[in-house]
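1. model this:
(chains A and B, ligands or ions: 1)
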Amino acid sequence: MSGTTIEGSYGEFGGRFMPEALIAELDRLTAVWHEAMADADFIGEFDRMLREYAGVPSLLYDATRLSEVAGARILLKREDLNHTGAHKIRNVLGQALLAKRMGKTRMIAETGAGQHGVATATAAAYLGLDCVVYMGELDTKRQALNVARMRLLGAEVRAVASGSRTLKDAINEAIRDWVASVEHTAYCFGTAAGPHPFPAMVRDFCRGIGDEARAQCLERTGTLPDVVTACVGGGSNAIGLFTAFLDDADVRIVGFEAGGEGVDTPRHAATITAGEVGVLHGARTYVLQDADGQTIESHSISAGLDYPGVGPEHAHLAKTGRAEYRPITDTEAMDALALLARTEGIICAIESAHAVAGALKLAKEAPGSTILVNLSGRGDKDMETTTTWFGLGDPAETISSEAAR
Amino acid sequence: MSTAKAFAATRAEGRAALVGYLPAGFPTVEGSIEALKAMVDAGCDIIEVGLPYSDPVMDGPTIQAAAHQALEGGVHTTDVLRTVEAVAATGTPTVVMTYWNPIERYGVDRFAADLASAGGAGLITPDLTPDSGPEWIAAADARDLDKIFLIAPSSTDERLAMTTAACRGFVYATAVMGVTGARASTSELAGPLVARARRTLEEQGSDLAIGVGLGVSNGQQAAEVASYADAVIVGSAFVRTLLDAQGDRAVGLAALRALTEDLAGGVRRA
Ligand SMILES: Cc1ncc(COP(=O)(O)O)c(C=O)c1O
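-> So this is what the prediction gives:
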């Protein structure tokens, strides 16, 4: 979309590149969402569910031992303590409540790490909706624990064997389902990407992260942080944190992408750092693509960041310079994960470890500064990957990473 | 060469047109050219050359499998244009069916120019609606290329009118709420959708043709659809014949011809 006629554009990014069959529903969803956000009853119910069910607001935690090692004051927004273990519960409770408002009886979702799938299955159980979750076949193997959780919650998990068998293919399959089921089915999209209204709607449901953190930080430190940081897959936890700080010109905003085995190799998911402008899953944004515009398979040790696109608002924030985006390698993330575990007794998700690793770098660049990190999720789901990475299953192995020593 | 040329001919004959689809590069670039020429030979009035894409959200398993095979075989956008050139040389109007990103990547205006010089008639854009496609509309208008946008059973009256007004060549009516794939019976949604589109076009003072696609797989279904539509669009069923032939070229081509003849008979029976 190059015009300005469609709501949902972020500079040159965003828009709605979707089959006509879904446009009427996207229009309806946009209208109902706007109406709901202006309805005190809806907002009240959403807040009540977050508070009484999801454990929100999450704590802002002064990570003093980690700060000592880092050389800067690191504040962690503890989204890992939310029900289901990640920030994702905020988004799904919002979307599930909207689904009910629209009279839907069924919710579908895509999932990478399984966190969004678990959150969606949870919200569906909580609100009495049928639930089908699409998950790349590769990811069902990487995240077997989350598959089991979804099934226990009553959701059907469909393994997607097409394409690269990861998150992007799960999204394709969910869209195919939705085209045929849209009358009674809501698509609970898992990140702040996709066609309008998803990027804005998901941001609004997640923005409590930043609104809370900003107030908590002011209360705790009497001032705003110097930098706010988050990991960026599709970008929901990051935009959820960043939104509250966009108008605070003195607060630096940095997102950390999955650098995989390095952005100079083909195995990474650093879309803004190394991608080019294109259209993927309904939005114009940065995309990892080849010379013909075919999507390139991404790689990250964290399934939740393993996506070759990124939310259009992040593309815009990068382009305008309001936010910076940098890659963190698999190794850097895993080192940070171990360091956090040993200094603070917190095992975070590998996704979130990218933000922690980024904060350690920022601390080196600006010693003594205050860095607010969104700890988007907990690491239970990743223990198999972590066990393999560090050789934890082998009693003879010791964690050999530099940072963890 | 606009698809209008084909509709002038089929309307003169008092029948619907048969539109046949195959992805370029499936099973190979040369193989797809040969197959598409066989479809022309056996009775297709218009050809759709698919541009294989890594993330085909409107396609079911059959076309996904063919596109995947084509991409694994290393097909490029330039091969699609080469395929168009070879098929259009037969004199049969040839359009490209493509998801949007490969066109943006190639350069919208550059693609329009190269498509026109290959003799291509225009584009079918399953994930680009007119309100999101001003750049394509300008490029197509500058070169008199067909802009074939989709309408769906879920399209509102406003969107239907906006879309038919933006189309050139023909209007593509998706018969079902769903993705591509052969279906056992024709859809009940297609007839009413075509009737709505027809009324809208009349109000717009247009006699643009309306094609119906998604699900048609045999002559019987083609005849049913041809009774109310100006074109019957068939994709997955053609792809299926080649998939089933499992690389046996002669068997595949024979099956492709037989299916084309069956469908061509159908559009003449209505
Ligand atoms: C804990 C956690 N953090 C971050 C992400 C990445 O998603 P997003 O970029 O939308 O926040 C995921 C995705 O699964 C996740 O599970």
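
2. low-confidence stretches in chain A?
-> A:1-6, A:397-405 (pLDDT under 70).

3. can you check which helix is longest in it?
-> helix A:20-37 (DSSP state H).

4. the residue in the stretch 51-200 of chain B positioned nearest to chain A in helix, strand or coil?
-> Among the residues of the stretch 51-200 of chain B, residue B:105 lies closest to chain A, at 3.0 Å counting by CB to the nearest CB. Backbone N, C-alpha and C define where each C-beta goes, glycine included. With DSSP: H, G, I helix; E, B strand; the rest coil as the basis, residue B:105 sits in helix.

5. how close does it sit to residue B:80?
-> According to CB to CB, to the nearest Å, residue B:105 and residue B:80 sit 13 Å apart.

6. more neighbours: which of the two?
-> Neighbours per residue (other CB atoms under 10 Å in any protein chain shown) separate residue B:105 from residue B:80, with residue B:80 holding more: 30 against 21.

7. quick check: buried residues in the longest helix of chain A?
-> Judged by neighbour count (16 or more other CB atoms under 10 Å in any protein chain shown), helix A:20-37 contains these buried residues: A:20-27, A:29-30, A:32-33, A:36.

8. hmm, back to that, which helix or strand contains the closest residue to the residue of the stretch 51-200 of chain B closest to chain A other than its chain neighbours?
-> Among residues not flanking residue B:105 along the chain, residue A:293 sits closest, at 3.0 Å (CB to CB, 6 or more residues apart in numbering or on different chains). Assigned by DSSP states H and E, residue A:293 belongs to no helix or strand.

9. sorry, back to before: including distance to residue B:91, could the buried residues of helix A:20-37 go into CSV?
-> Output for those, formatted as CSV (distance: CB to CB, whole Å):
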residue, distance to residue B:91
A:20, 31
A:21, 33
A:22, 37
A:23, 36
A:24, 39
A:25, 41
A:26, 41
A:27, 42
A:29, 46
A:30, 46
A:32, 51
A:33, 51
A:36, 56
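
10. got the domain ranges for chain A?
-> Here the domain parsing of chain A from automatic domain parsing is A:9-51+A:88-202, A:56-85+A:207-404.

11. just to be sure, residue B:164 is in a helix?
-> Yes - assessed with three-state DSSP, residue B:164 lies in a helix.

12. give me the neighbour count for residue A:392.
-> The burial count for residue A:392: 13, using other CB under 10 Å.

13. helix, strand, or coil at it?
-> coil.

14. and the closest residue to it other than its chain neighbours, what element?
-> In space, and not counting its chain neighbours, residue A:392 is closest to residue A:386: 6.8 Å by CB to CB, 6+ apart. Per DSSP H and E, residue A:386 falls inside helix A:383-390.

15. does that helix reach the ligand?
-> No - using CB under 6 Å from any ligand atom, no contact is recorded between helix A:383-390 and the ligand, whose separation bottoms out at 12.8 Å.

16. off-centre distance for that helix?
-> How far helix A:383-390 lies from its chain's middle: 21 Å, per CA atoms, centre = their mean, to the nearest Å.

17. contacts for the lengthiest helix in chain B, please.
-> Using DSSP H to define each element, chain B has its longest helix at helix B:249-269. By CB atoms under 8 Å, 6 or more residues apart in numbering or on different chains, the surrounding residues in contact with helix B:249-269 are B:10, B:15-18, B:20, B:27, B:31, B:34-35, B:38-39, B:41-44, B:216, B:218-223, B:226, B:232, B:234, B:237-238, B:241-242, B:244-245.

18. ditto for stretch B:223-231
-> Stretch B:223-231 is contacted from outside by B:7, B:10-11, B:15-19, B:45-46, B:170, B:173, B:175, B:186, B:190-191, B:194-195, B:209-212, B:216, B:232, B:266-267, B:269-270, using CB under 8 Å, 6+ apart.

19. I figured residue A:253 hits residue A:318, correct?
-> No - the criterion here is CB atoms under 8 Å, and residue A:253 misses it with residue A:318 at 10.2 Å.

20. contact partners for the nearest residue to residue A:278 once chain neighbours are set aside?
-> Spatial nearest neighbour of residue A:278, excluding adjacent residues (CB to CB, 6+ apart): residue A:287 at 3.8 Å. Neighbouring residues of residue A:287 by CB under 8 Å, 6+ apart: A:271, A:275-280, A:295, A:308-309, B:101.

21. for the closest residue to chain B within the stretch 101-250 of chain A, grab the count of nearby residues.
-> Taking CB to the nearest CB, chain B has its nearest neighbour within the stretch 101-250 of chain A at residue A:180, 4.0 Å off. Using other CB under 10 Å, residue A:180 has 14 neighbouring residues.

22. contact residues of the stretch 101-250 of chain A facing chain B?
-> A:162-163, A:168-169, A:172, A:175-176, A:179-180, A:182-183 (CB under 8 Å from any CB of the partner chain).

23. where helices are concerned, which of those count?
-> A:168-169, A:172, A:175-176, A:179-180.

24. buried ones among those residues?
-> The buried subset of those - by 16+ other CB under 10 Å - is A:168-169, A:172, A:175-176, A:179.

25. what packs against the helix or strand encompassing residue A:354?
-> In the assignment (DSSP H and E), residue A:354 maps to helix A:350-365. Judged by 3 or more CB pairs under 8 Å, 6 or more residues apart in numbering or on different chains; DSSP states H and E, helix A:350-365 is in contact with helix A:64-70, strand A:227-231, strand A:252-260, strand A:323-329, helix A:330-344, strand A:370-375.

26. parallel or antiparallel, list what pairs with the second one.
-> Read that as strand A:227-231. Strand A:227-231 sits in its sheet next to strand A:252-260 (parallel), strand A:370-375 (parallel), going by DSSP bridges.

27. which ones are touching residue A:295?
-> Applying CB under 8 Å, 6+ apart to residue A:295 gives the contacts A:168, A:280, A:287-289, A:308-309, B:54-55, B:101.

28. and these, which is closest to the ligand?
-> residue A:309 (10.8 Å; CB to the nearest ligand atom).

29. ok, that closest one touching residue A:171?
-> No - with contact defined as CB under 8 Å, residue A:309 and residue A:171 do not form a contacting pair (9.0 Å).

30. would you map the strands across the stretch 101-250 of chain A?
-> Here the stretch 101-250 of chain A has its strands, by DSSP state E, counting those that start in this stretch, at A:106-111, A:130-136, A:156-160, A:185-187, A:227-231.

31. got CSV for those strands, with mean neighbour count and distance to residue B:254 too?
-> What follows is the strands of the stretch 101-250 of chain A, written out as CSV (neighbours: other CB atoms under 10 Å in any protein chain shown; distance: least, CB to CB, whole Å):
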stretch, mean neighbour count, distance to residue B:254
strand A:106-111, 26, 41
strand A:130-136, 25, 38
strand A:156-160, 18, 34
strand A:185-187, 25, 42
strand A:227-231, 30, 55
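
32. quote the end-to-end distance of stretch A:228-242.
-> This stretch, stretch A:228-242, spans 7 Å end to end (CA to CA, to the nearest Å).

33. what of stretch B:87-99?
-> End-to-end for stretch B:87-99, by CA to CA: 21 Å.

34. and for stretch B:175-190?
-> 4 Å.

35. for that stretch, buried residues please.
-> In stretch B:175-190, counting by 16+ other CB under 10 Å, buried: B:175-183, B:186-187, B:189-190.

36. contacts for it next, please.
-> Under CB under 8 Å, 6+ apart, the answer for stretch B:175-190 is A:21, A:176, A:179-180, A:182-183, B:57-63, B:152-154, B:173, B:193, B:212-217, B:221, B:224-225, B:228-229, B:235-237, B:240.
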